[in-house]
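Q: fold the following and give me the result.
(one chain, ligands or ions: 3)
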Amino acid sequence: MSKKVLLLPGDGIGPEIAAEARKVLDLVNDQFSLGLEMDDALVGGAAIDAEGDALPTTTWEKVEAADAILLGAVGGPKWDTLPPSERPEKGGLLKIRAQLDLFGNLRPAILYPQLAHASTLKEDVVSGLDILIVRELTGGIYFGEPRGIKTKENGVREGYNTYVYDEEQIRRIGRVAFEAAMKRGKRLCSVDKANVLEVTMLWREVMEDLSKEYPEVELSHMYVDNAAMQLVRAPKQFDVIVTGNMFGDILSDAAAMLTGSIGMLPSASLDVNGKGMYEPCHGSAPDIAGQGIANPLAMIISAAMMLRHSLGMEAPAAKIEAAVDVVLDQGLRTGDIWSEGMQKVSTVEMGDAVVAALKS
Ligand code: NAD
Ligand code: IPM
Ligand code: MN
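A: Ligands and ions are numbered 1, 2, ... in the order given. Reported below is the predicted structural model:
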């Protein structure tokens, strides 16, 4: 049975890394006779420029019809002055996440041993690192109401957002995290700010309650400020981390650097049924866009996650991951993961090398 895969390249380096993921997917599609029906569509700034909307109806229809979606990145300085709800981030990316109810965001930070030198942290701190950040993606302060900027009676403007989670939202992301922990090291650290914020006091209570259903999983709690510090001090103490939308956004960028570069960190955003959107954790990198030097590996590894998690295609997923391992063994590095003695390659050369490894 054929499966519809929608590619949303987006903005900045998005189209550059999407092209490399497309090459990889086209190849495994042939090699394994996967029957993937590949399509693409505009989203974000590219869609604003072409159609005046970050998520045009034509794109949304394809998103809805797809079995899985692979997104590059959206946003950039060109669109930063638009009203918030029209911008690529809120009007495109967050809208897809919300409308598809992609609440479960998995961000695995795994250090490829070949990149132990590329991390800015000492090799023994990161070697063997394999942690999973489970981030709630469709709630919290990103979506809470009321929100806005208003002028107070004294003429002073005030910006405000609302940090809100209900028990059901907490429970369902908790369940994703406990289930993930069961398949891994059975240790779950819930990150909150329960010393100050009521919303996370409730978060902690619900996690504790849920843990009764998972007696094999060792649940611990940590305040987010300490968690940020512990992630760079001794990241291997963690197995699975579960946290809310904004804390997860911040902690996952920090975790990315443990793996050498944000250009290495993939992600999956899933609904209750496993339909998902897959994207690298990084953004559109306007500072290097158009130069052909972006690292396409987070995008390519995201494609592998998509095959595995949403399409049930384990063999090609594992083969792509093995191919990434091979190119790293060969010493090929884009600038962000380059170190002395390694061969510096472009985005296209890195994609070509993965394709070559898949063919060999
Ligand atoms: P960013 O992740 O785009 O870039 C941060 C730094 O990391 C930059 O120096 C960039 O060059 C580098 N970098 C990122 N990805 C890389 C890659 N694959 N290879 C090599 N280097 C890479 O974050 P930012 O600069 O804060 O944001 C830029 C734009 O991207 C903003 O408009 C932001 O809203 C958007 N953004 C989008 C997403 C997304 O679509 N999922 C995620 C994050 C940020
Ligand atoms: C991410 C990004 C997005 C987020 C932005 C672009 C809205 O930073 O996917 O990590 O904050 O979720
Ligand atoms: Mn982010």
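Q: distance check, the residue nearest the centre of the chain against Gln330.
A: The chain has Ser267 as the residue nearest its centroid, 3.1 Å off, counting by Cα atoms, centre = their mean. Look at Ser267 and Gln330: by Cβ to Cβ, to the nearest Å, they are 26 Å apart. Any C-beta I mention is one placed from the backbone N, CA and C, and that applies to glycine too.
Q: who in the stretch 201-350 of the chain is up against ligand 2?
A: Asp249, Cys281, Gly283 (Cβ under 6 Å from any ligand atom).
Q: what about these, which one has the most neighbours?
A: Using other Cβ atoms under 10 Å as the neighbour criterion, Cys281 leads those with 24 neighbours.
Q: go ahead and confirm that one touches Leu265.
A: Yes: contact criterion Cβ atoms under 8 Å: Cys281 and Leu265 qualify, at 4.2 Å.
Q: now the common contact residues for the two.
A: Arg107, Ser252, Ala256, Ala298 (Cβ atoms under 8 Å, 6 or more residues apart in numbering).
Q: for these, work out which two are farthest apart.
A: The span of the shared contacts of Cys281 and Leu265, defined through Cβ to Cβ, is set by Ser252 and Ala298 at 11.6 Å.
Q: grab the nearest non-local neighbour of the residue of the stretch 201-350 of the chain found nearest ligand 2.
A: Of all residues in the stretch 201-350 of the chain, Asp249 sits closest to ligand 2, at 4.4 Å by Cβ to the nearest ligand atom. Spatial nearest neighbour of Asp249, chain neighbours left out: Arg135 (6.8 Å); criterion: Cβ to Cβ, 6 or more residues apart in numbering.
Q: show me which residues of the stretch 201-350 of the chain sit near ligand 1.
A: Counting by Cβ under 6 Å from any ligand atom, the stretch 201-350 of the chain sits next to ligand 1 at 262-263, 279, 282-288, 294-295, 298, 336.
Q: what subset of the residues you listed is buried?
A: In those, burial by neighbour count holds for 262-263, 279, 282-286, 288, 294-295, 298, 336, counting by 16 or more other Cβ atoms under 10 Å.
Q: which stretch of helix or strand covers Arg171?
A: helix 167-182 (DSSP states H and E).
Q: confirm Leu219 sits in a strand?
A: Yes: assessed by DSSP: H, G, I helix; E, B strand; the rest coil, Leu219 belongs to a strand.
Q: phi, psi for the nearest residue to it once chain neighbours are set aside please.
A: Leaving aside its sequence neighbours, Leu219 sits nearest to Ser211 (Cβ to Cβ, 6+ apart; 4.3 Å). Phi and psi for Ser211, reported as degrees, to the nearest 10, are phi -60, psi -20.
Q: related to what we said a few turns ago, might one say that the residue nearest to Asp249 is in contact with Ile250?
A: No: Arg135 is beyond contact range of Ile250, at 9.8 Å (criterion: Cβ under 8 Å).
Q: the two - which one has more neighbours?
A: Shown here are Arg135 and Ile250; by other Cβ under 10 Å, Arg135 has more neighbours (29 against 14).
Q: tell me the secondary structure at that one.
A: Judged by three-state DSSP, the three-state class of Arg135 is strand.
Q: residues in contact with the residue lying closest to Pro88 once chain neighbours are set aside?
A: Spatially, and ignoring its direct neighbours in sequence, Pro88 is nearest to Gly44 (3.4 Å; Cβ to Cβ, 6+ apart). Residues in contact with Gly44 (Cβ under 8 Å, 6+ apart) are 8, 10-11, 14, 54, 73-75, 79, 88-89, 92-93, 284.
Q: make JSON lines from the shared contacts of Cys281 and Leu265 and add secondary structure to it.
A: JSON lines is the format used below for those (three-state DSSP):
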{"residue": "Arg107", "secondary structure": "strand"}
{"residue": "Ser252", "secondary structure": "helix"}
{"residue": "Ala256", "secondary structure": "helix"}
{"residue": "Ala298", "secondary structure": "helix"}
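Q: quick check: of those residues, which has the highest neighbour count?
A: Ranking the shared contacts of Cys281 and Leu265 using other Cβ under 10 Å puts Ala298 first, with 25 neighbours.
Q: quick check: it touching Met264?
A: Yes: counting by Cβ under 8 Å, Met264 is a contact partner of Ala298 at 5.5 Å.
Q: and the closest residue to Glu167 other than its chain neighbours, helix, strand or coil?
A: Excluding its sequence neighbours, the residue lying closest to Glu167 (Cβ to Cβ, 6+ apart) is Val206, at 5.5 Å. When classified by three-state DSSP, Val206 comes out as helix.
Q: what's the neighbour count on Val206?
A: 20.
Q: residue contacts, Ala46?
A: Applying Cβ under 8 Å, 6+ apart, the residues near Ala46 are Pro9, Gly10, Asp11, Gly14, Pro15.
Q: now Asp11
A: By Cβ under 8 Å, 6+ apart, the neighbours of Asp11 are Gly44, Gly45, Ala46, Gly72, Ala73, Val74, Gly75, Gly76, Trp79, Pro88, Ser284, Ala289.
Q: from ligand 2, how far off is the residue located most distally from the centre of the chain?
A: Largest separation from the mean C-alpha position in the chain: Asn154, at 42.1 Å (Cα atoms, centre = their mean). Going from Asn154 to ligand 2 by Cβ to the nearest ligand atom, to the nearest Å gives 32 Å.
Q: chain neighbours aside, what residue packs nearest to the closest residue to ligand 1 within the stretch 1-150 of the chain?
A: Closest approach between the stretch 1-150 of the chain and ligand 1, counting by Cβ to the nearest ligand atom: Gly75, at 2.6 Å. Take Gly75 and drop its neighbours on the chain: the residue closest to it by Cβ to Cβ, 6+ apart is Pro88, 4.5 Å away.
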